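In: below are the sequence and a predicted model for it; my questions follow.
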Amino acid sequence: MNRILLIFVLSLSLFGCSAPTTEAPPPELQLTDAVVEVFFASPPLGPADKRPNMRSQANGALADLRNQLVSKGFSLQGCRAIKAYVRGQGLMPADFDGFLFAYSRVFGTRLNPNQPDLIQIEVSGFAEPGQLVVVEAVCAKAAS
């Protein structure tokens with residue numbers, strides 16, 4: 001009797017482990033006929049004696065990203081994901097709010113309603129001592 005019960009329980013659990021069904025993403029998110037590229041942008045660095053500011057560097061990095069995208073035929077509306085590598089100053093933690101301030105002036109606006117996925121990662125430093133942010137963006141455009 002125990003063997004029959006065990007076989008019955010195992011067969012029920014195997015029926016429940018079938019492959020999950022997945023739905024296709026909405027047409028506006030499908031990138032089957034799109035060109036996808038990864039872009040890295042960093043701000044222009046000011047004089048070494050000036051204290052770096054996250055808002056101004058984030059604005060500079062996003063402007064650099066915009067320029068790179070335009071030069072390759074992409075646009076900010078095609079950005080799908082953004083990773084912002086930010087570092088703190090001295091013993092202070094990274095200024096995530098300063099980056100978000102600049103980000104919200106570029107993405108999620110009336111002119112550019114696109115809001116790509118955003119990940120902010122705190123790093124210990126960059127090669128340039130005054131640098132506070134580097135932006136990595138995954139962007140797509142329709143294949144021509």
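Out: Received the coordinates, thanks. Just so we're clear, the structure is a prediction, and the values are computed from it rather than from any experiment.

In: run through the helices of the protein in chain order.
Out: Assigned by DSSP state H, the chain shows helices spanning 2-15, 54-71, 96-106.

In: just want the most central residue of the protein.
Out: Taking CA atoms, centre = their mean, the centroid of the chain lies closest to residue 82, which sits 2.1 Å from it.

In: identify the bridge partners of it.
Out: residue 118, residue 137 (DSSP bridges).

In: how about low-confidence regions in this structure?
Out: Scanning the chain for pLDDT under 70 picks out 1-32, 48-49, 144.

In: apply 80 and report the result again.
Out: Counting by pLDDT under 80, the chain shows low-confidence ranges at 1-33, 46-52, 90, 143-144.

In: can you verify my assumption that residue 81 contacts residue 115?
Out: No: using CB atoms under 8 Å, residue 81 makes no contact with residue 115, being 10.8 Å away. Yep, even glycine has a C-beta here, placed from its N, CA and C like the rest.

In: phi, psi of residue 52?
Out: Main-chain torsions, residue 52, degrees, to the nearest 10: phi -70, psi 150.

In: circling back: got the contact list for the residue nearest to the centre of the chain?
Out: Shown in contact with residue 82 (CB atoms under 8 Å, 6 or more residues apart in numbering): 103, 107, 116-119, 135-138.

In: repeat that for 7 Å
Out: For residue 82, the contact set (CB atoms under 7 Å, 6 or more residues apart in numbering) comprises 116, 118, 135, 137.

In: if anything else comes up later, I'll come back, but that's it for now.
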